[in-house]
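1. Starting from these lines, generate the structure:
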Amino acid sequence: MNKVLFIRRDNIGDLICTTPAIKALKLKYPAVKIGVLVNSYNADAIKGNPDIDQVFVYEKEKHSQKGRINVLLGNLNVIRRIRKEKFEVAIGCSYTYSRRVARLTYLSGAALKIGYVSKDRPASKFYNKPLAEPGESMHEVEAMMGLVKPLAVAGPPPLMTIKADPGELEKALQYLKRLGLKEKGKAVVFHISSRKPQNRWPGERFKALGELIQDKLGLDIILLWSPGNSSNPFHPGDDETAEWIISKMKRKPLAYRTLAVSELIAAMSAGSLVVCSDGGAMHIAAGLGKPIVTIWGSTDKKRWAPWGVPYRLLQKEQGLATEISSEEAFKAFIDLYSRGKAE
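-> Residues are numbered from 1 along each chain as shown. Next comes the predicted model:
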């Protein structure tokens, strides 16, 4: 076995949760060339990953302004490039059966095509090594590890891997220092955005929590968010909420409007601890090894909790992040922060 292709077409967090399986394969077979097929939206999440040799990027029509025909032609060219590489194994990375992932796996031209199939679809014309999808809720990282078992890769999953681009990191540090950052690693990162409405914590709560942290501990707050307008149906932004927090906090946070995933990773690297909602930013924080206080709505914590880092997860039975108070979040923060100081 010389070449293996991983295919992951989902969002940022899903891709990051696949990196332990990629690392485990590389540890087992150091000489194997590993390729990854991802979309243009999440590709920055694996930039600089030392376990990956090739990255193939396709576009989703909703993420592009090129028009349907140009997107299709561009994606066909990506498939041609993959087929020229002659991958021996292709792995369709999806927790449940996905026809789109399965089709991309088939189109790779690999001899061995691995992927999960559902109970009511135990066979697939796209996979010649179909695996039964996880029957019970397990962590996404563990489910992705199941996909490399046919390649004799076993054992506990490694940590997730995220690398900040050196140039972006230097740019972020210089910008934050101009805003008043005293020292790298001595600030708390707030990421206030979440794609799912039930996971969104009000700006007023972030403001109150930030002021508690500033007043009681004297720590800087680095404020991050998804850029853009809240009315965007695909990727709602939080420019308005961020502006409100900046204007209302007694001591202004160090606000960095990141326009790309690579910028977000770099800015998050500058903090020592992260406060965020459930979502891709939370998995970025875990991939960077940051302790996390995360405020949740209705997401399945057994499947999506932060992997491999200390964390405090706040979730109510009602499944709404708005049910969690700033005081509850501060208590969780103090507990996590104090443990880190003791260690």
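2. all strands of the stretch 101-250 of the chain, in order?
-> Secondary structure of the stretch 101-250 of the chain (DSSP state E, counting those that start in this stretch): strands located at 112-117, 129-132, 187-191, 220-224.
3. so which of these gets nearest Glu170?
-> Closest approach to Glu170 among these (C-beta to C-beta): strand 220-224, 15.8 Å. C-beta: built from backbone N, CA, C; applies to glycine.
4. picking up where we left off before, which of the strands of the stretch 101-250 of the chain is buried the deepest?
-> With neighbours defined as mean count of other C-beta atoms under 10 Å, the strands of the stretch 101-250 of the chain peak in mean count at strand 187-191, which reaches a mean of 26.
5. tell me what that one is packed against?
-> Other helices and strands packing on strand 187-191, by 3 or more C-beta pairs under 8 Å, 6 or more residues apart in numbering; DSSP states H and E, are helix 203-217, strand 220-224, helix 261-269, strand 273-277, helix 280-287.
6. Give the buried residues for stretch 80-95.
-> Residues of stretch 80-95 classed as buried: 82, 85, 87-95 (neighbour count, 16 or more other C-beta atoms under 10 Å).
7. In helices, which of those appear?
-> For the buried residues of stretch 80-95, membership in helices holds for 82, 85, with DSSP state H as the criterion.
8. which other residues reach the least confident helix or strand in the chain by mean pLDDT?
-> Ranked by mean pLDDT, DSSP states H and E, the weakest helix or strand in the chain is helix 68-85, scoring a mean of 84. Where contact means C-beta atoms under 8 Å, 6 or more residues apart in numbering, the residues beyond helix 68-85 that reach it are 3, 5, 35, 37, 54, 56-61, 64, 66, 104, 107-109.
9. any idea how far that helix is from the chain center?
-> Centre-to-centre, helix 68-85 and its host chain are 25 Å apart (C-alpha atoms, centre = their mean, to the nearest Å).
10. circling back: highest average neighbour count across the helices and strands packed on strand 187-191?
-> helix 280-287 (a mean of 28).
11. Show me what the following helix or strand past that helix is packed up against.
-> Sequence order places strand 292-295 as the next helix or strand after helix 280-287, per DSSP states H and E. Judged by 3+ C-beta pairs under 8 Å, 6+ apart, strand 292-295 is in contact with strand 273-277, helix 280-287, strand 311-314, helix 326-342.
12. Serialize these to JSON lines and add fields for mean pLDDT.
-> Putting these into JSON lines (pLDDT from 0 to 100) gives the following:
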{"stretch": "strand 273-277", "mean pLDDT": "96"}
{"stretch": "helix 280-287", "mean pLDDT": "96"}
{"stretch": "strand 311-314", "mean pLDDT": "97"}
{"stretch": "helix 326-342", "mean pLDDT": "88"}
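13. Tell me which of those lies nearest to Val117.
-> When these are compared (using C-beta to C-beta), the closest one is helix 280-287, at 25.7 Å.
14. tilt between that closest one and strand 273-277?
-> Orientation note: helix 280-287 sits at an angle of 150 degrees relative to strand 273-277 (axes from the mean of the first three to the mean of the last three C-alpha atoms, to 10 degrees).
15. Which elements pack onto helix 280-287?
-> Secondary elements touching helix 280-287 (3+ C-beta pairs under 8 Å, 6+ apart): helix 12-16, strand 187-191, helix 261-269, strand 273-277, strand 292-295.
16. if we go to 10 Å?
-> Packing partners of helix 280-287 (3 or more C-beta pairs under 10 Å, 6 or more residues apart in numbering; DSSP states H and E): helix 12-16, helix 19-28, helix 140-146, strand 187-191, helix 261-269, strand 273-277, strand 292-295, strand 311-314.
17. Mind checking these for the one nearest to Lys207?
-> strand 187-191 (9.7 Å).
18. where's Val38, which helix or strand?
-> strand 33-39.
19. So what's the gap between whatever helix or strand comes next after that strand and the chain middle?
-> On the C-terminal side of strand 33-39, the closest following helix or strand by DSSP H and E is strand 54-58. Relative to its parent chain, strand 54-58 has a centroid offset of 17 Å by C-alpha atoms, centre = their mean.
20. list the contacts for Ser247?
-> Ser247 makes contact with Lys207 under the criterion C-beta atoms under 10 Å, 6 or more residues apart in numbering.
21. So Lys216 is in contact with Ile334, correct?
-> Yes. Counting by C-beta atoms under 10 Å, Lys216 touches Ile334, with 7.9 Å between them.
22. and the protein, what are its domains?
-> 3-151, 166-342 (automatic domain parsing).
23. Now the terminal residues of the first one, how far apart.
-> Terminal residues of domain 3-151 are spaced 12 Å apart (C-alpha to C-alpha, to the nearest Å).
24. got it, and stretch 266-281?
-> Terminal-residue distance, stretch 266-281 (C-alpha to C-alpha): 12 Å.
25. how much distance is there from it to the middle of the chain?
-> Centroid displacement of stretch 266-281 relative to its chain, using C-alpha atoms, centre = their mean, is 10 Å.
26. and His283, what does it touch?
-> His283 makes contact with 11-17, 19, 45, 140-141, 160, 162, 276, 292, 304, 306-307 under the criterion C-beta under 10 Å, 6+ apart.
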